[in-house]
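# need a structure here:
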Amino acid sequence: MKKAVFLLIAGCMVVTMLASEASARSLILKGGWALMRNDFSRADDTWTAGVFFDMGTFLFHSLRFKPGVDFVEVESNDFKYADIWGIHLDWYWYPMQNAPISPFLGFGPSLNYLNFNNRSDDDDSDAGVDLFVGASFGIRGTPLTVFLEARYRFIDIAARDDNILALNLGVEINF
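Just a heads-up that it's a prediction; the model follows:
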């Protein structure tokens, strides 16, 4: 049932982005390395990947809304703990938005679906929040932007001890 709810929310996000009045401005592909923290510290550091969309500005020109979905697998040599799928509603603030190197700060709530691999009946979904910082680098003469990002993910805001630090490299394809 929780997988169905997760897929429904992700599907609604895609339909919203494809609607004519709320179209995406760019497609963002990112991947990187996830460093496990707190309760996840027994797990090995691993890779992470995600797909995000730039939906445009909100309230003022330097604040951008970029929802998306990402994945990280939490495992070690001793156990495979969980697959974590996150639905993110991210807000990026670009204080120097027209500079060749544009730093950003951001935050965003997330819905994290945990698929426990060692127990089939105990899948879970938790509300979380992400805090992130980085910089984007526009490539002149192309519709591409490359960026570096450090993202601290609080997977469960109620517990506050399931955390991941993700270091991402991404490419943004502008439409």
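# all strands of this protein, in order?
With DSSP state E as the criterion, the chain has strands at 26-38, 46-54, 57-58, 60-75, 80-93, 101-116, 124-138, 144-154, 162-174.
# so where's this protein uncertain?
The model of the chain has pLDDT under 70 over residues 1-23, 78-79, 118-122.
# again, only this time at 80
Low-confidence segments of the chain (pLDDT under 80): 1-24, 76-81, 97-98, 116-123, 160.
# quick one on the thing from earlier: okay if I get the strands of the chain as a markdown table plus mean neighbour count?
For the C-beta atoms, the positions are set from N, CA and C on the backbone; glycine is no exception. Output for the strands of the chain, formatted as a markdown table (neighbours: other Cβ atoms under 10 Å):
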| stretch | mean neighbour count |
| --- | --- |
| strand 26-38 | 18 |
| strand 46-54 | 18 |
| strand 57-58 | 12 |
| strand 60-75 | 18 |
| strand 80-93 | 20 |
| strand 101-116 | 18 |
| strand 124-138 | 17 |
| strand 144-154 | 18 |
| strand 162-174 | 18 |
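# chain center to stretch 131-140: distance?
Distance of stretch 131-140 from its chain centroid, counting by Cα atoms, centre = their mean, to the nearest Å, is 15 Å.
# list the contacts of that stretch.
Defining contact as Cβ atoms under 8 Å, 6 or more residues apart in numbering, one finds that stretch 131-140 is touched by 90, 94, 100-107, 144-152, 154, 168, 172.
# output it as CSV - backbone C-alpha positions only.
Extracted in CSV, the C-alpha atoms of stretch 131-140 (Å, rounded to 0.1, in the frame of the first residue of the first chain):
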residue,chain,number,x,y,z
LEU,A,131,19.3,21.4,4.0
PHE,A,132,21.8,22.1,1.2
VAL,A,133,24.4,24.4,-0.1
GLY,A,134,26.4,24.5,-3.4
ALA,A,135,27.3,26.4,-6.5
SER,A,136,26.2,26.2,-10.2
PHE,A,137,28.4,26.8,-13.2
GLY,A,138,26.8,27.8,-16.4
ILE,A,139,28.5,26.6,-19.6
ARG,A,140,28.5,29.4,-22.2
